[in-house]
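Student: Please work out how this folds:
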Amino acid sequence: MKSANTSQTADVRDNILATGQRLMAVKGFSAVGLNEILAEARVPKGSFYHYFGSKDAFGEAMLEEYFHAYLLDLDAALAKPGMTMAERVMSYWSGWQQTQSFYDCQGKCLAVKMAAEVADLSEAMRLSIKRGTSGIISRLARAIELGVAEGSMAIDADADGTANSLYQLWLGTSVMVKIARDTQPFDMATTTTRQILHLPH
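Tutor: Got it, this is the predicted structure:
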């Protein structure tokens, strides 16, 4: 059983990570300073450096936490009972549309917001994003394989290539949505996704 001190320590660390994730999902990594995170989280600077050696180390830990939670949610979404795999996959993209828009995403659009920015700033953060997105794509590929096997979808390429194409489609679409301040590109991405998976419109 965890001691009270251990639980308190975890709570402080989790609070710093959650606060940074929420702020950086809106403003980006470079635009958010440590002082802003600490003020929002209401913890002293010493507490930050107790858990994280630098802002880059904090960014890496934040991304690891983000993708850990994201992949758990994705696993749950792709295992929902009473649905075909095609329905589960399309439900995932529908959820993506709701959380990756240009509105306040409450930290849920971190990868979309930070991917291009931190890839050139920090090798450790780039690799965190690469591991996270690879986890997403591999799960989607497996879901597509199962969907083809059950007959709820069909593909013209292999499952890995299809999953990669779909993830890149939605990642790029999310950027265009932010540029246009309009969710219409998501409608086009949904139509394209249904075409790629040979689903009825």
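Student: For the helix or strand harbouring residue 179, which outside residues touch it?
Tutor: Using DSSP states H and E, residue 179 falls within helix 159-180. Residues outside helix 159-180 that contact it (Cβ atoms under 8 Å, 6 or more residues apart in numbering) are 93, 96, 100-102, 109, 112, 115, 133, 136-138, 140-142, 144-145, 148, 155, 157, 183, 185-186, 188-189, 192-193, 196-197. Just so you know, the C-beta spots here come from the backbone N, C-alpha and C atoms, and that holds for glycine as well.
Student: repeat for stretch 87-106
Tutor: The contact list for stretch 87-106, computed with Cβ under 8 Å, 6+ apart, reads 22, 25-26, 74, 77-80, 83, 108-109, 112, 140, 143-144, 147, 152-153, 166, 170, 174, 177-178, 181, 183, 186, 189-190, 193-194, 197, 199.
Student: Output the lowest mean pLDDT helix or strand found in this protein.
Tutor: Taking mean pLDDT, DSSP states H and E as the measure, helix 110-119 is the helix or strand of the chain with the lowest mean score, a mean of 78.
Student: Return the alpha-carbon coordinates of that helix using PDB.
Tutor: Coordinates of each C-alpha in helix 110-119 appear next as PDB, following Å, rounded to 0.1, in the frame of the first residue of the first chain:
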ATOM      1  CA  LEU A 110      -1.600  17.800 -27.500                       C
ATOM      2  CA  ALA A 111       0.000  15.700 -30.200                       C
ATOM      3  CA  VAL A 112      -1.600  17.700 -33.000                       C
ATOM      4  CA  LYS A 113      -0.600  21.000 -31.300                       C
ATOM      5  CA  MET A 114       3.000  20.100 -30.500                       C
ATOM      6  CA  ALA A 115       4.100  17.600 -33.100                       C
ATOM      7  CA  ALA A 116       5.700  19.900 -35.600                       C
ATOM      8  CA  GLU A 117       7.000  22.300 -33.000                       C
ATOM      9  CA  VAL A 118       8.900  20.000 -30.700                       C
ATOM     10  CA  ALA A 119      10.200  17.700 -33.400                       C
END
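Student: Compute the inter-axis angle for the next helix or strand after that helix and helix 159-180.
Tutor: Sequence-wise, the next helix or strand downstream of helix 110-119 (DSSP H and E) is helix 123-150. Relative orientation of helix 123-150 and helix 159-180, computed by axes from the mean of the first three to the mean of the last three Cα atoms, to 10 degrees: 120 degrees.
Student: Average pLDDT for helix 123-150, rounded please.
Tutor: Mean per-residue pLDDT for helix 123-150: 95.
Student: same deal with stretch 163-177?
Tutor: Averaging pLDDT along stretch 163-177 gives 93.
Student: what do you get for stretch 63-76?
Tutor: In this model, stretch 63-76 carries a mean pLDDT of 93.
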